[in-house]
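Undergrad: I would like the atomic coordinates for the input below:
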Amino acid sequence: MNYEIRIRGHLGATMRRAFPGLRADIQGRDTLLRGAVADQAALHGVLAQIETLGLELLELRRLPCELKRGTR
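TA: Model (predicted):
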């Protein structure tokens, strides 16, 4: 599953390294982490890391799956 996680503030390079496999983009005053998360346990791990680092979670969205070529 692909997720988008909005965190308050701009994450520096050191903080972004805490989320390997997720792309970090700045949007306004927030940072968006986007990418594939293997399963629910991995998602809980990302959320736990956000809490451990003292970051403020603003929004968590599951993104629609993209259809593979040749499927309906």
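Undergrad: in the helix or strand bottoming out on mean pLDDT in the chain, what counts as buried?
TA: Every helix and strand of the chain was ranked by mean pLDDT, DSSP states H and E. The lowest is helix 13-16, at a mean of 94. Within helix 13-16, the residues that count as buried by 16 or more other CB atoms under 10 Å are residue 15. From N, CA and C alone the C-beta is placed, and that goes for glycine too.
Undergrad: after it, next one along is what?
TA: Downstream of helix 13-16, the next assigned helix or strand under DSSP states H and E is strand 23-27.
Undergrad: that next one pairs with which strands, and in what direction?
TA: Looking at strand 23-27 with DSSP bridges, its partner strands are strand 30-36 (antiparallel).
Undergrad: top helix in this protein by residue count?
TA: helix 40-52 (DSSP state H).
Undergrad: which strands and helices lie in contact with that helix?
TA: If you count contacts as 3 or more CB pairs under 8 Å, 6 or more residues apart in numbering; DSSP states H and E, helix 40-52 packs onto strand 2-8, strand 57-63.
Undergrad: okay, now the residue lying closest to residue 49 once chain neighbours are set aside: neighbour count?
TA: In this structure, residue 49 finds its nearest non-sequential neighbour in residue 18, 5.6 Å apart by CB to CB, 6 or more residues apart in numbering. When neighbours are defined as other CB atoms under 10 Å, residue 18 has 15 of them.
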